[in-house]
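> Below are the sequence and a predicted model; questions follow.
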Amino acid sequence: AQTVTQSQPEMSVQEAETVTLSCTYDTSESDYYLFWYKQPPSRQMILVIRQEAYKQQNATENRFSVNFQKAAKSFSLKISDSQLGDAAMYFCAYRRSNAGGTSYGKLTFGQGTILTVHP
Amino acid sequence: EPEVTQTPSHQVTQMGQEVILRCVPISNHLYFYWYRQILGQKVEFLVSFYNNEISEKSEIFDDQFSVERPDGSNFTLKIRSTKLEDSAMYFCASQRGPPNTGELFFGEGSRLTVL
């Protein structure tokens, strides 16, 4: 079974600075997808960024980028120029590539990291 | 912007009572999911639903749980006889469909407290 581990329960960053959230995972499969989701307080989870395992290039979305190390099974999220609105719980998640037909949304989540942004 | 909506936001119930959690997925989505998060623990997959039937369910999703899409818009999770350990945040999610990288859209969650 796949597992996802986020070893940082809480992180903090100063506004405009850069922060990196860690995520490791365990799988025996070679093709899969990895995601970072953001959950602001009392709001729904929204997708921040996704990475396909077969792509060597790290995904980027504006101020958000990942460092995907397939051999090390590591998938960290870097947030540059942090803003107050980035404060949230961040979840790392894994999904098999061949999800068995219809479970394209069956995700395995990490424990989450609470990010605090200080003005 | 279309959203997944869930009701109620918080429900308190007595052990042994039936509970129905409701979700309205995004209108053109085809795949529906329930996840739950017990306080302090990971978000866990419960069940996926497509074409009016369950496509996959986890070990958590036992005979006490059921899902249905009664009217083509709502997607409900029923817990027949609640237990203390069912206390959790329940998240509904929907997805437009393939290709593989289709994004999941989550609702804000329904907090269930079983006393």
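Sure thing, it's come through.

> Please make it C-alpha for all contacts and neighbour counts, starting now.
Fine.

> Which one of the residues in chain A is closest to chain B?
A:Gln44 (4.1 Å; CA to the nearest CA).

> Give the closest residue to that residue in space, chain neighbours not counted.
B:Glu108 (4.1 Å; CA to CA, 6 or more residues apart in numbering or on different chains).

> same question, A:Pro40
Nearest residue to A:Pro40, sequence neighbours excluded (CA to CA, 6+ apart): A:Ala88, at 4.3 Å.

> Then A:Phe109?
A:Ala93 (4.3 Å).

> which residues does that neighbour contact?
Residues in contact with A:Ala93 (CA atoms under 8 Å, 6 or more residues apart in numbering or on different chains) are A:Val4, A:Leu34, A:Phe35, A:Trp36, A:Tyr37, A:Leu107, A:Thr108, A:Phe109, A:Gly110.

> hmm, 6 Å instead?
Applying CA atoms under 6 Å, 6 or more residues apart in numbering or on different chains, we find A:Ala93 in contact with A:Leu34, A:Phe35, A:Thr108, A:Phe109.

> what about the residue nearest to B:Ser81 when sequence neighbours are not counted, neighbour count?
Closest residue to B:Ser81 apart from its sequence neighbours, by CA to CA, 6+ apart: B:Gly16 at 4.3 Å. Residues near B:Gly16, counting by other CA atoms under 10 Å in any protein chain shown, number 14.

> again with B:Pro2
Counted with other CA under 10 Å, B:Pro2 comes out at 9.

> and it, how far is that from B:Ser94?
Between B:Pro2 and B:Ser94 the computed distance is 11 Å (CA to CA, to the nearest Å).

> can you tell if stretch B:34-47 touches chain A?
Yes - Stretch B:34-47 lies within reach of chain A by CA under 6 Å from any CA of the partner chain, at B:Lys42, B:Val43.

> Go ahead and name everything in contact with that stretch.
Against stretch B:34-47 from outside (CA under 6 Å, 6+ apart): A:Phe109, A:Gln111, B:Tyr33, B:Glu56, B:Lys57, B:Ser58, B:Phe61, B:Ala88, B:Met89, B:Tyr90, B:Phe91, B:Cys92.

> and the least confident of these?
Ranked by pLDDT, the contacts of stretch B:34-47 bottom out at B:Glu56, which has 90.

> still on that earlier bit, what secondary structure does the residue nearest to B:Ser81 sit in?
The three-state label given to B:Gly16 by DSSP: H, G, I helix; E, B strand; the rest coil is coil.

> circling back: following the helix or strand in which the residue nearest to A:Phe109 is found, which helix or strand comes up?
Element membership of A:Ala93 [criterion: DSSP states H and E] is strand A:88-96. Using DSSP H and E, the helix or strand that follows strand A:88-96 in sequence is strand A:108-109.
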